[in-house]
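*Asks:* Based on what follows, work out the 3D shape:
(chains A, B, C and D)
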2 protein chains.
Amino acid sequence: MGGETIRKATIDLVRENNRALILRALRRGGAQSRTALGQVTGLSPAAISGITSAMLDEGVLLQADGESGTAKARGRPQVKLSLNPLRGCVVAVMIAVNRIRLKLVDYAGKECTESHVDVAALEMQRGEFIRTIGDAVFSLLDETLNAAGPLSRIEVSVQGITDGAGEKILWSPVLRAREIDLARRFSRRFGVPVSVMNDCAAMTEALQWIDPPRYRERFAAILIGYGVGMGLFLDGAPLVGLRDSAVEFGHMNHVPEGALCRCGRRGCVEAYAADYAIWRRAKGKDDQKLVAPPSAEEMALIEDRARQGNEQALAAYREAGCAIGFGLGRLFALIGPVPVAFTGSGTRTMDLLEEGLRDGFEQSLVEDLRGELVFETLGDEAALVFKGLAMGALNRLDTEDIAALQVSS
Amino acid sequence: MGGETIRKATIDLVRENNRALILRALRRGGAQSRTALGQVTGLSPAAISGITSAMLDEGVLLQADGESGTAKARGRPQVKLSLNPLRGCVVAVMIAVNRIRLKLVDYAGKECTESHVDVAALEMQRGEFIRTIGDAVFSLLDETLNAAGPLSRIEVSVQGITDGAGEKILWSPVLRAREIDLARRFSRRFGVPVSVMNDCAAMTEALQWIDPPRYRERFAAILIGYGVGMGLFLDGAPLVGLRDSAVEFGHMNHVPEGALCRCGRRGCVEAYAADYAIWRRAKGKDDQKLVAPPSAEEMALIEDRARQGNEQALAAYREAGCAIGFGLGRLFALIGPVPVAFTGSGTRTMDLLEEGLRDGFEQSLVEDLRGELVFETLGDEAALVFKGLAMGALNRLDTEDIAALQVSS
DNA sequence: TTTATTTATTTCACGCTCTGAAAAAAATGT
DNA sequence: ACATTTTTTTCAGAGCGTGAAATAAATAAA
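*Replies:* Just a heads-up that it's a prediction; the model follows:
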């Protein structure tokens, strides 16, 4: 309301805005006729006609010349327009512990090819690491051949902290190097825009496309597993810090002077809710001693024990849930209640966490006015992250590159 | 980046945007020549000429016909344009405990008249309360006579919770009634748009105008006194909840199962940092018992005692600061570090709070990466609130009413 | 098979925007 | 009185969306 930086508007801005409007309608609603686009966007038939014919010429759109979907209607049949898959493609890169996964998605949003590289990233030098990813992208492009258009964007996700501009990895628990300027290095090598984002931020972009009624203006995505991460979507965009990717829910303090966290401080949410925290609590270890990250098998053992009624294991899950619940309560105290999506390996035991979670939430909740805690648990976080990376990249491609009017034409 | 709802753009949008741009330049930079406006906005001389001549005709702008500020320059002298004070006026209403204060500000931003009504708001019925404020606005308008233009907007602030749309007071500690729909009632009586906002939200709007270099994109305003409130400015606009005014920093949990708060829950920041919390701690009272709000004299007594080295009093201030420090650390964990402005009666003892504040902040801080805690203490909160109300109202008047092109013309 | 009807899309005149260049205005210097 | 300098206005030009009319492409009816 107060201080958005307004910029000068020219006539071009109108066209760019309306081009983006039409692209978004097609991306969200799939192939549509010009008439349908007119209804969705509110633009006049004349405007739709002008804009789409330009985009057809540019090779951005495709006209469904063949059959008409709506047969035997009375008048002239609608001709459906769709995004041209060959207009370009984006590559989504997900950096995980010891494995880099890649997917290539065409302009229409279809996943074409994928690959992965197993690497000991924690032991790699910055240069080698960057080269490895670059080579993997190159191979994937090679493999795709002519199944998709030319590379248009690369989008990278990583667990950890990226910079606010989406250019660098500042720090990641899965990497040894710091301050890795992926964007500059890759955009030089591939000649296309490159962004880096936190994996939880990528998940929020995905949720928006997967379940728009629920995840619309404001919502949060929480990843529980090796650590605890959060992506926050606020007023139509992922919240990103001015200097870094912000949203360090896992390292928000839960209890002053509380349990020891990997980060060296005490009482972080993560020190109660991450794998290692649950494990050490269930094992009755000193919560002021750090433990090595437990394996999936070890966590399964703890889970079994809890399900068999072991008090200490149950308490570990309860306290983990409680830390998250208090954290959510504190978040809601600051930005109001928002729907939450949980993912990650830690959500396998969501039923064990839930009691503590609701308990902690209730205790830290401000007012009964504030509405209920609305959350759901989503399975495969990797699929979410990829979806978010791809849709984010395509969306930026639409608005920044394709909707934008070329200076020379 | 992801999902801003784009709307259809027409040619009118361009004009409206550029009109708003020029109005903002004049409001921020004071009277300026057309040339200067061109440099600030980036618009061509032709565009500036067209827009300003329309606004002069409409009576929005005023031309400084008399002397030229920059004498004896070589060429044709610049003619300064300014906002026409008589274009309209706004009334800012600040609802405080037992006193309602009003200021009338002309379109150019000058405070014209002010008044106040002493009322026992806590004992008033909804209808009587609304009528009392309305009458006060009426009297103020009467008193102003022709010193300002016609009433264009009313902006009301209140301590407590307003709705997200800025129409109702949902709950306030200084009022008995709930769900007071001021906007509808007043806009019917006065025939102008009316907004209601939380007092801390108003302060953020003020900070933006008072010290733009420091308070630009993101910052927080914290009011310490009878209670603890916060206004959060995020990406160019005050953060407001979807259903209510959100940002309940004072009732964000500090310690699970902690001290008893006025709100009935335990461990809220306010239960450590508000007047009554400091008082009861310094007096060695049970922190699980609520106490009546201490008077200014009683608080001064506690302050004296602390300054004389009384351990218990010092601890009260230290713990109050600590609660705020932890709260800030948690806020920063979620949205990244932002500059903070403190106001309110509680800041008289900022020196006593500061040690605990920095201590708590350090303990809850995530990384040394995250930058230092930058804050300042500002004196008179009422002045800030009024400034915020007035500038907010004028800004909305500019963008929503004056920049907007009339349908019939 | 031909004609009427219906619906989708395109075309065109119009009014609006900003821009760039040229013209006009208003001061000072010579 | 004329040249110079700077500000402001004017005007042609290109681009945009709109609304109305024209065109296209199908089915239903004759």
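*Asks:* How is A:Arg153 assigned, secondary-structure-wise?
*Replies:* strand (DSSP: H, G, I helix; E, B strand; the rest coil).
*Asks:* was I right about it contacting A:Val194?
*Replies:* Yes: using Cβ atoms under 8 Å, A:Arg153 is in contact with A:Val194, at 7.3 Å. Backbone N, C-alpha and C define where each C-beta goes, glycine included.
*Asks:* Return the residues in contact with the residue of the stretch 301-409 of chain A found nearest chain B.
*Replies:* The stretch 301-409 of chain A approaches chain B most closely through A:Gly336 (3.2 Å), counting by Cβ to the nearest Cβ. Applying Cβ atoms under 8 Å, 6 or more residues apart in numbering or on different chains, one finds that A:Gly336 lies in contact with A:218, A:370, B:164, B:241-244, B:246.
*Asks:* if we go to 6 Å?
*Replies:* Applying Cβ atoms under 6 Å, 6 or more residues apart in numbering or on different chains, one finds that A:Gly336 lies in contact with B:241, B:246.
*Asks:* What of the one 5 residues further on?
*Replies:* Residues near A:Ala341 by Cβ under 6 Å, 6+ apart: A:207, A:221, A:376, A:378.
*Asks:* So what sits opposite it in the bridge?
*Replies:* A:Ala221, A:Glu376 (DSSP bridges).
*Asks:* Which of the contacts of A:Ala341 are buried, as a PyMOL select command?
*Replies:* For the buried members of those, the matching PyMOL selection, counting by 16 or more other Cβ atoms under 10 Å in any protein chain shown, is:
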select buried, chain A and resi 207+221+378
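*Asks:* list the buried ones in stretch A:16-25?
*Replies:* Within stretch A:16-25, the residues that qualify as buried are A:16-25, counting by 16+ other Cβ under 10 Å.
*Asks:* export those to JSON lines and tack on distance to DNA strand C?
*Replies:* Putting the buried residues of stretch A:16-25 into JSON lines (distance: Cβ to the nearest atom of the strand, whole Å) gives the following:
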{"residue": "A:Glu16", "distance to DNA strand C": "14"}
{"residue": "A:Asn17", "distance to DNA strand C": "14"}
{"residue": "A:Asn18", "distance to DNA strand C": "13"}
{"residue": "A:Arg19", "distance to DNA strand C": "15"}
{"residue": "A:Ala20", "distance to DNA strand C": "19"}
{"residue": "A:Leu21", "distance to DNA strand C": "16"}
{"residue": "A:Ile22", "distance to DNA strand C": "12"}
{"residue": "A:Leu23", "distance to DNA strand C": "16"}
{"residue": "A:Arg24", "distance to DNA strand C": "18"}
{"residue": "A:Ala25", "distance to DNA strand C": "13"}
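*Asks:* Does A:Gly267 touch A:Asn253 like I think?
*Replies:* Yes: proximity of A:Gly267 to A:Asn253 meets the contact threshold set by Cβ atoms under 6 Å, at 5.0 Å.
*Asks:* if I look at the most centrally placed residue in chain A, how far off is chain B?
*Replies:* Centroid-nearest residue in chain A: A:Ala202, 1.3 Å away (criterion: Cα atoms, centre = their mean). Here A:Ala202 is placed at a distance of 10 Å from chain B (Cβ to the nearest Cβ, to the nearest Å).
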